[in-house]
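Engineer: The following comprises the amino acid sequence and a computationally predicted model.
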Amino acid sequence: MKFLWIFTLLLGMCAAGFAQQTMFVKTDLSQAEINSIVAKFTQNERKFREALNVYAFNRNATISTIGMGGQITGTFKRDSFMTFDGDGKRVEKILFAPIPTLTELVITQADLENLGGLDPFAIEPAHIDKYKFTYLGKEKMDELDLYVFDVAPKVMPKAEKNGLQLFAGRIWVDDQDFLIVKSKGKAVPEWKDERFATIETWRENVDGKYWFPSYIAGDDELVFRDGHVVKVKIRVKYSNYGVGRTDVRDVTDDANDPAPSPSPKP
């Protein structure tokens, strides 16, 4: 008997007990230094979110279920151009969307909106006071030296339909420009048979000033209330960023704003 579950995919990001292999080196920072770093990268997050609202881009998304032996048992694929209508509202132009073959998951319209929206940024600046940031140390990634933080809600939100969801996982912050260049985690809490996959997001430099998501990967097992397990593979690529609205303003006009350096590649 095949199971059908409502799957709400949030590309935002691993549980509070999140753990992974890492190469970070412990370095001591005072609480004042940690607070300063957090304030700087959350300020940059706010600016980049504003900037994304005027950028068009391509999004190629594939979500697959994986069976015994690693074979693909079903796939949802949707390639789109995320642009704007005459009123400046975000619209999706579907370029390629074959009939889904998923039998264990349902991809909802909310899932699709999340794929094209702001969820890949992970941390919502408006909710920054709801998070606890635990400084772990520094890690070298390509040519970048990064601060590593574990992130979790101070208080877990109540699990309810359309309720508040926060990020739990890990972020990597450039130590020169105070920009998040990578994140890994998931949305919490989950409600009833709503399940979120752990997502890893890499960012790239756009126009020499913004850092937008470039590649998202997730390989996870979604465990439902009755014990049924669905293995998923998620791949999303963002490309061809370009200003798509005429009312764009440069959110990095401030002379004190950092100049981003190249992003690490997945």
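Structural biologist: Structure received.

Engineer: Can you show me the CA trace of the longest helix seen in the chain as CSV?
Structural biologist: As assigned by DSSP state H, the longest helix anywhere in the chain is helix 31-52. Extracted in CSV, the C-alpha atoms of helix 31-52 (Å, rounded to 0.1, in the frame of the first residue of the first chain):
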residue,chain,number,x,y,z
GLN,A,31,30.6,37.8,24.3
ALA,A,32,30.9,41.5,23.2
GLU,A,33,32.8,40.3,20.1
ILE,A,34,30.3,37.6,19.3
ASN,A,35,27.4,40.1,19.7
SER,A,36,29.1,42.5,17.3
ILE,A,37,29.6,39.8,14.7
VAL,A,38,25.9,38.7,15.0
ALA,A,39,24.8,42.3,14.7
LYS,A,40,26.8,42.9,11.5
PHE,A,41,25.8,39.8,9.6
THR,A,42,22.1,40.1,10.5
GLN,A,43,22.2,43.7,9.2
ASN,A,44,23.7,42.4,5.9
GLU,A,45,21.0,39.8,5.8
ARG,A,46,18.3,42.5,5.9
LYS,A,47,19.9,44.4,3.1
PHE,A,48,20.3,41.3,0.8
ARG,A,49,16.7,40.4,1.4
GLU,A,50,15.6,43.8,0.3
ALA,A,51,17.8,43.6,-2.8
LEU,A,52,16.4,40.2,-3.8
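
Engineer: That helix - what's its average pLDDT?
Structural biologist: Averaging pLDDT along helix 31-52 yields 89.

Engineer: how many degrees apart are the helix or strand hosting Ile63 and helix 31-52 in direction?
Structural biologist: If you go by DSSP states H and E, Ile63 is part of strand 55-66. Counting by axes from the mean of the first three to the mean of the last three C-alpha atoms, to 10 degrees, strand 55-66 lies at 100 degrees to helix 31-52.

Engineer: just use 7 as the starting number from now, easier for me
Structural biologist: Taking 7 as the first residue, the last one we looked at is strand 61-72.

Engineer: For strand 61-72, which outside residues touch it?
Structural biologist: Contact with strand 61-72 is made by 15, 78-90, 101, 108-111, 113, 121-122, 212, 216, 218, 236-250, as judged by C-beta atoms under 8 Å, 6 or more residues apart in numbering. Every residue, glycine included, has its C-beta placed from N, CA and C.

Engineer: now it: mean pLDDT?
Structural biologist: 93.

Engineer: ok, then the element right after it?
Structural biologist: Strand 61-72 is succeeded, C-terminally, by strand 78-90 (DSSP H and E).
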